[in-house]
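A.B. asks: One predicted model, sequence on top.
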Amino acid sequence: MTILTAFIIVEASFIFNLVESTFQVNATDGSYGLVVNNITWLTSGDTSFNGNGTTFSTVNGTLKMLTSSTSNGSDTFGPWSSWSFIYQAGTFAVNTTVKTYTDPSLQVAVFTQTYLDTSTNTSARDMDRVISSFPSFRLSPVPLRSGYLSFAGHMVGYTRLAIGRFLPDINFPTGMQGGPLVIFDNTSNAVVISPLSQFMAASSYIQHGQQINWGIMGMVNEVPRGYSVDFIVYYSNQGINQAMQGWGNYLTRLYKKSTAPRDNDFTVQYMGYYTNNGAYYYYNTEQGKNYESTIIDIAGYINNISVPFKYLQFDSWWYLRGKHDGTKTWEPQRDIFPHGFQYIYNRTKMPFGCDNRFWDVDTTYAKYNGGSYNFIPDRQSGYAVPDDYHFWEDIFNKTQTWGKCIFYEQDWLNLETDNNTVLHSDLFVGQRWLSQMGKAAENFGITIQYCGAYPRHILQSLEVPSVTQARVTRDYEQGGRRQWNTGITSIFADVVNLAPFKDTFWTTESQPGNPYNRTEPNTRTEAMLATLSTGPVGPSDGIGYINKTLLMKCCDATGRILKPDKPVKAIDDQVKMAAFKSPYPGPIGEVYTSYTRISGFFFGIIVVPQLNNSYLLTSAAAWPFPTSLAFSENDPKKLFDFSNTTPLKLGKECTVRNACLFYTSPLIQLNTIVLMGELEKWVPMSGKRVNSIQKTDGDVLVYVLVQAQETVTFTYYSVTRNQLKTVLCDNTKSWSPAENSVISLVFGVCTLG
């Protein structure tokens, strides 16, 4: 059984300083802007709306302001003030509003477009343009020293991520693949701009390198009366990461996107075995065997070496594909699993997750093919999109007869979106598609992973509680590829309450017989960052090739992942250096940080997967909480001060093959104790292991969760004795008090080492 045991060691706020920032609105002409410390950051551009085959614009005078007004009110975030401008655009009218909050600690402006009449013939004939523009911000003038971070492309904005100087004529990806934009200076000011509603229809477009417009995606040809879409501009003086966190807090609170589904997701809590792209058994079986026998053999191997995998992931190799390589029938093929999923579950005793790709136009489920459900086909591309809640309900109901299917991976979201014209031209189908899928999964207790997701899909997940995780890097298909660099996209995923997934990995460098004819030289870094991502940990070695010692650094004896509170994320200095270049004193490479907070104490993690210059990391650059002592994973006996005045010296010794890893810990109990934790794990001080820390008169009481048949060695440093000491918590035998041991008031005994 799991025990909560305790041992006693016997030995002698975020400060938020709001700078002066103001969202300004001109009630006369409808212009607006953002001023920070008396410097104009954002200036309004052209407000415009398409209709009747024409673009009506404030620049050329064809968009006429009819009325302007102000109002006040209050919502869940507090009191607000609003400015409203009604425009006439030919035969239809549009109401635009700007709402700001009177609380100076909430620097938010919400821009809303509401159609007072139906507008027709609106299409811009390009899915990456927009048919409306409000807000719109000019690219000049801008602060002298400003940069941008743009999330774009699939895998949560990973594939077309852009960082640079925010200057006139910039051209980063927008449109269907675009996402949140962060504008920042070289101090601590940052602004996040993104859609706030209608996430599958909202979009952005850089117009002639002169201004950035936010509006409705460009292929929509009719907007009905009453349709409304919102955009948010969020300002923080606490830097890029804190601006993203504040922006995310606003969105998750608005949509009531709780952390509970993510925290309780079995596949996020426990380690699993994967067969997706990059895995040893991705479209590859044991010689002379089918997948059914191979999966059973994998489970047997796992059991024989006592690695605590808790579930299996089955990728796209098991179901029938159509003539355009999409899903035709989402059921196991007889030559793959002759006896079906239930047989596999009965033999392996392991729950599983199922991948699905885009839907083929010849899917057997579609009514137009003789099936029972509404699908919208795109005959030109060969793709289709389901538009029927009962379809998803029946699909997930069927999984209940397969044994124990616990999660659904919706893969290829990018291709599904790119190749269905209706998802570019209809205001509502995209939202219905993902919401119907999510609601049905929720009803059957199935969680969803988004893979290949554009930023719009990630934002749409705010309305879909069953979506708990998302892939934040490319496929793991080639050794040595920069696929481990989760630091920036994890920022985006985490703040909207999704667990970032690094993808699968190998734990042994050379694995003969693999289908890629490659090796994996960076097993340590892959395993480390998979764990520190806080998402699923899903290795995929071949039979006989699992490095158990390396793998078990991620978890306890039951396979429960010992993770930090937050995923490791790129520090602001990394992003600023990428934008501003030298002489900005930032790292050229990757520097990520995270932490665990236990009973009010912060335990920091610093991982440097790759660095190409010398960089001095201060505590302020790492995180907004005080630290005291630090130590390296490689040399825990050597503790050193880490602060703003005594920075951590990092350099080119931090490579992908030999990533640098450091931990920090506060001084506890009259500055005499430094808790270092379980040094055999990637996260020595995890809240999944250390339940609480209590200070008493002269003592420190540490409660540790120890699994059945598990031994935990806990290390701490005694300042007064100038030595490392250990506490042994052994749950492999009956508990009995020993000399110098402390009997916990909870369950067990830890013997002092």
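C.D. replies: Looks like it arrived, so ask away.

A.B. asks: for the host helix or strand of residue 433, what is the average pLDDT?
C.D. replies: Applying DSSP states H and E as the criterion places residue 433 in helix 429-443. The average pLDDT for helix 429-443 rounds to 98.

A.B. asks: Whichever helix or strand comes after it - what's its average pLDDT?
C.D. replies: Toward the C-terminus, helix 429-443 is succeeded by strand 447-450 as the next helix or strand (DSSP H and E). Throughout strand 447-450, pLDDT has a mean value of 98.

A.B. asks: Name the strands paired with strand 447-450 and say parallel or antiparallel.
C.D. replies: Counting by DSSP bridges, the strands paired with strand 447-450 are strand 405-410 (parallel), strand 467-471 (parallel).

A.B. asks: any idea how far residue 672 is from residue 629?
C.D. replies: As defined by CB to CB, to the nearest Å, residue 629 lies at a distance of 12 Å from residue 672. C-beta coordinates here come from the backbone N, C-alpha and C atoms, glycine included.

A.B. asks: picking up where we left off before, just the C-alpha atoms of the helix holding residue 433, please, in PDB.
C.D. replies: In PDB, the C-alpha atoms belonging to helix 429-443 read as follows (Å, rounded to 0.1, in the frame of the first residue of the first chain):
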ATOM      1  CA  VAL A 429     -18.800  24.500 -38.200                       C
ATOM      2  CA  GLY A 430     -15.300  24.600 -36.700                       C
ATOM      3  CA  GLN A 431     -16.600  25.400 -33.200                       C
ATOM      4  CA  ARG A 432     -19.400  22.700 -33.500                       C
ATOM      5  CA  TRP A 433     -16.900  20.100 -34.700                       C
ATOM      6  CA  LEU A 434     -14.600  20.400 -31.700                       C
ATOM      7  CA  SER A 435     -17.300  21.000 -29.100                       C
ATOM      8  CA  GLN A 436     -19.300  18.000 -30.200                       C
ATOM      9  CA  MET A 437     -16.200  15.800 -30.100                       C
ATOM     10  CA  GLY A 438     -15.300  17.200 -26.600                       C
ATOM     11  CA  LYS A 439     -18.800  16.900 -25.100                       C
ATOM     12  CA  ALA A 440     -19.200  13.300 -26.200                       C
ATOM     13  CA  ALA A 441     -15.800  12.300 -24.900                       C
ATOM     14  CA  GLU A 442     -16.600  14.000 -21.500                       C
ATOM     15  CA  ASN A 443     -19.800  12.000 -21.200                       C
END
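
A.B. asks: Centre of the chain to that helix, how far?
C.D. replies: Distance, stretch centre to chain centre, for helix 429-443: 20 Å (CA atoms, centre = their mean, to the nearest Å).

A.B. asks: same check, this time on stretch 547-565
C.D. replies: So, by CA atoms, centre = their mean, the centroid of stretch 547-565 is 21 Å from its chain's centroid.

A.B. asks: mind listing what's buried in that stretch?
C.D. replies: 547, 550-557, 559-565 (16 or more other CB atoms under 10 Å).

A.B. asks: closest to residue 36 among these?
C.D. replies: Closest approach to residue 36 among the buried residues of stretch 547-565 (CB to CB): residue 565, at 30.6 Å.

A.B. asks: ok, back up a step: pick the most buried one from the strands paired with strand 447-450.
C.D. replies: Mean neighbour count (mean count of other CB atoms under 10 Å) peaks for strand 467-471 among the strands paired with strand 447-450, with a mean of 28.

A.B. asks: So of the buried residues of stretch 547-565, which two are at opposite extremes in space?
C.D. replies: 547 and 565 (27.2 Å).

A.B. asks: ok so, going back, nearest to residue 191, out of the strands paired with strand 447-450?
C.D. replies: Set against residue 191 and scored by CB to CB, the strands paired with strand 447-450 come closest in strand 467-471, at 24.1 Å.

A.B. asks: and the closest one, C-alpha only, in CSV?
C.D. replies: Taking Å, rounded to 0.1, in the frame of the first residue of the first chain, the C-alpha atoms of strand 467-471 are listed here in CSV:
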residue,chain,number,x,y,z
VAL,A,467,-9.2,18.5,-23.8
THR,A,468,-6.4,18.2,-21.2
GLN,A,469,-3.2,18.1,-23.2
ALA,A,470,-1.5,19.1,-26.5
ARG,A,471,1.6,18.2,-28.4
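
A.B. asks: burial count for residue 378?
C.D. replies: By other CB atoms under 10 Å, 16 other residues sit near residue 378.

A.B. asks: oh, and call the first residue 670 from now on, that's how I've got it
C.D. replies: Right, with 670 as the first residue, what we last looked at is residue 1047.

A.B. asks: Return the helix or strand in this protein with minimum mean pLDDT.
C.D. replies: Least confident helix or strand of the chain, by mean pLDDT, DSSP states H and E, is strand 1411-1412 with a mean of 31.
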